[in-house]
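In: Predicted model and sequence follow; I will ask about them next.
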Amino acid sequence: MKSLLRCAAGAAFFFCALATADINVGVTLSATGPAASLGIPEKNTFELIGSPTIGGQKINFVVLDDKSDTTEAVKNTRKLISEDKVDVIVGSTVTPNSLAMRDVVNEAEVPMISMAASAQIVNPADPKTKWVFKTPQNDSLMADAVAISMRASGVSTMGYIGFADAYGESWLAEIKRSAQTAGIKVVAEEKYNRADPSVTGQVLKLLAAKPDAILIGASGTPAATPEKELVARGYKGKIYQTHGVANSDFLRVVGADGNGTLLPAGPMLVYEQLPEGNPVKKSAAEYVHAWDAYILLQKAIPDALKKGQPGTKAFRAALRDALENSKEVPGANGVFNINASDHNGFDNRARVMVKIDNGKWLLVK
C-alpha cells in the first residue's frame, strides 16, 4: 500500500511500474549440432544462474538453441528482440553464428555479448561491432602464445589444419602472423568442415610436408578428428589445439590420443593450479560455473539503470555504453578493460599454456 501511495497515479504510477520491470536477457547458443560440446555447458550455466537480481532488478534469461546453425542463430536473435523484448543478447557459441547475428543487433540497437572467439566479431574497423562485445580471448592473443611455445620448443616448421569457416580462417591468418614473427615457417595448410567424419586426405598431405609441429584450428569435439588421425598415422611432432577445445567433452572424445597436446587457454581451466598471486585465480574460483558475459552484465547493469529503465531504448544504449567502459573487471578468463577500440579487453593475464596429461588439464609453467 505504501509503495502504491509513493507511486501515486497516472504518469507517476507508470514510471514506478517501469522502475520495477524485469530485465530480459536473450540467449542463443548451440545446445545441439556440431558445437554442442560447447553449447551444452553454456546452457547448463544459465540454468545454474537462474533468475538473479542485479541492481535491484530481476534478470530473466530467455534461452534458445540455434542448433549450431547460422540461419537458426539469426532467427533466434530476431525472435528474442521482437517477441521477447530483450534488452541484451548473449550468444552465440560459435564464430559463424555470432558474425551473422551482428546485423540484427546493430539494426535494432541492442547490445550483444558473443561467446565465440574470433576477433572479427568485434573488429573495430567494422561499424557493425558498435553494439557487439565478446568474452573469449581474441585468437590473435592465443596465436601469439602458441608461436611463443613453439619457438621455445625448437619448432622451425609447422603445419595447419582447421575449420573451413570464419573460425578456421581467422586462426590461419593469426598463426601465420605469429609464426612469421617467431621465425617459424608454415609449410602446409589444410581445411575441413565441422561435420566431416574423416580428414585422412588432409592429414596425409600434412605428413608429407614433415612439419615439426601441427596446429589444429578448430573447436569442440570436431577438433578431435584430425588429432586422432594424426596419431593413428604415427605423427611424432608436437600437436597444438586452440582454446576452442577447452572443455571436458573434447577430452572424452580425443581420449588417449590427446596426451601431450598443447593449447593456450583461459586461466579458469586450471585455476586451482595457478599461483596465489595470479589476478584471475580468485574470480575464476568464484565463477567457475558462471560466465564472463554474466560478470560483465553484473557490472554494467547498475550503471545503465541510472540512465534508463529496462525495456527502453535509453536503457539499451546506456547498457552498451556501460559495457564499453568496463575497467579492471576480473572475470573467469581474464581481466576486462574494454574501450571503444577493443570490445574484448583482455591482455596477457587472460592466457596460460596448458598440456593434456592422461585426460586432465595440466598448467605448463
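Out: Happy to help now that I have it.
In: longest helix anywhere in this structure?
Out: Ranked by number of residues, the top helix in the chain under DSSP state H is helix 166-182.
In: and that one, what does it pack onto?
Out: Applying 3 or more Cβ pairs under 8 Å, 6 or more residues apart in numbering; DSSP states H and E, one finds that helix 166-182 contacts helix 95-108, helix 139-152, strand 157-163, strand 185-192, strand 213-217. C-beta: built from backbone N, CA, C; applies to glycine.
In: contacts for that helix?
Out: The contact list for helix 166-182, computed with Cβ atoms under 8 Å, 6 or more residues apart in numbering, reads 94-96, 99, 116-120, 139-140, 142-144, 146-148, 150-151, 158, 160, 162, 185-186, 189, 191, 215, 217-219, 242, 244.
In: redo that, cut-off 7 Å
Out: 94-96, 99, 117-120, 139-140, 143-144, 146-148, 150-151, 158, 160, 162, 186, 189, 191, 215, 217-219, 242 (Cβ atoms under 7 Å, 6 or more residues apart in numbering).
In: quick one on the thing from earlier: so which of the helices and strands packed on helix 166-182 gets nearest residue 85?
Out: Minimum separation from residue 85 across the helices and strands packed on helix 166-182 (Cβ to Cβ) falls at helix 95-108, 10.7 Å.
In: What is the subsequent helix or strand relative to that closest one?
Out: Sequence-wise, the next helix or strand downstream of helix 95-108 (DSSP states H and E) is strand 112-114.
In: For the following helix or strand past that following strand, which strands pair with it and how are they oriented?
Out: Using DSSP H and E, the next helix or strand after strand 112-114 towards the C-terminus is strand 132-134. Here strand 132-134 is paired, per DSSP bridges, with strand 112-114 (parallel).
In: How far away from the center of its chain is the strand it pairs with?
Out: 9 Å (Cα atoms, centre = their mean, to the nearest Å).
In: Give me the residues contacting that strand.
Out: So strand 112-114 is contacted by 88-92, 98, 101, 105, 121, 131-135, 293, 296 (Cβ under 7 Å, 6+ apart).
In: Let's see if you can find the most crowded of the residues you listed.
Out: Highest neighbour count within the contacts of strand 112-114: residue 92, with 35 neighbours (other Cβ atoms under 10 Å).
In: From residue 30, how far out is it?
Out: Separation of residue 92 from residue 30 (Cβ to Cβ, to the nearest Å): 6 Å.
In: Need the overlap of contacts for these two.
Out: Common neighbours of residue 92 and residue 30 (Cβ under 7 Å, 6+ apart) are residue 66.
In: Okay, now the unreliable bits of the stretch 151-300 of the chain?
Out: For the stretch 151-300 of the chain, applying pLDDT under 70 flags the ranges 283-290.
In: 90 instead?
Out: 247-248, 266-269, 271-272, 274-292 (pLDDT under 90).
In: what's the span of stretch 338-353, first residue to last?
Out: Terminal residues of stretch 338-353 lie 24 Å apart, using Cα to Cα, to the nearest Å.
In: Same check on stretch 129-138?
Out: 15 Å.
In: now stretch 57-76
Out: 24 Å.
In: How about that stretch, which residues are buried there?
Out: Buried residues in stretch 57-76, counted by 16 or more other Cβ atoms under 10 Å: 57, 59-70, 72-74, 76.
In: Start from the N-terminal end of this protein and give the helices.
Out: Counting by DSSP H, the chain has helices at residues 2-7, 10-19, 36-49, 70-82, 95-108, 139-152, 166-182, 200-209, 224-232, 248-254, 281-286, 292-305, 313-324.
In: looking at the ones you listed, which is closest to residue 268?
Out: Of all the helices of the chain, helix 281-286 sits nearest to residue 268, with 4.2 Å by Cβ to Cβ.
In: circling back to that earlier point, and the contacts of helix 166-182, which of them are buried?
Out: Among these, those that count as buried by neighbour count (16+ other Cβ under 10 Å) are 94-96, 99, 117-120, 139-140, 143-144, 146-147, 150-151, 158, 160, 162, 186, 189, 191, 215, 217-219, 242.
In: Output the longest helix of the chain as PDB, restricted to C-alpha atoms.
Out: Taking C-alpha atoms only, helix 166-182 is exported to PDB below (Å, rounded to 0.1, in the frame of the first residue of the first chain):
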ATOM      1  CA  ALA A 166      35.300 -18.000 -40.200                       C
ATOM      2  CA  TYR A 167      36.900 -19.600 -37.100                       C
ATOM      3  CA  GLY A 168      39.400 -21.500 -39.100                       C
ATOM      4  CA  GLU A 169      40.200 -18.700 -41.400                       C
ATOM      5  CA  SER A 170      40.800 -16.300 -38.600                       C
ATOM      6  CA  TRP A 171      43.100 -18.700 -36.800                       C
ATOM      7  CA  LEU A 172      45.100 -19.400 -40.000                       C
ATOM      8  CA  ALA A 173      45.600 -15.700 -40.600                       C
ATOM      9  CA  GLU A 174      46.700 -15.100 -37.000                       C
ATOM     10  CA  ILE A 175      49.000 -18.100 -36.700                       C
ATOM     11  CA  LYS A 176      50.700 -17.100 -40.000                       C
ATOM     12  CA  ARG A 177      51.300 -13.600 -38.500                       C
ATOM     13  CA  SER A 178      52.500 -15.000 -35.200                       C
ATOM     14  CA  ALA A 179      54.700 -17.700 -36.800                       C
ATOM     15  CA  GLN A 180      56.400 -15.200 -39.000                       C
ATOM     16  CA  THR A 181      57.300 -13.000 -36.000                       C
ATOM     17  CA  ALA A 182      58.600 -16.100 -34.200                       C
END
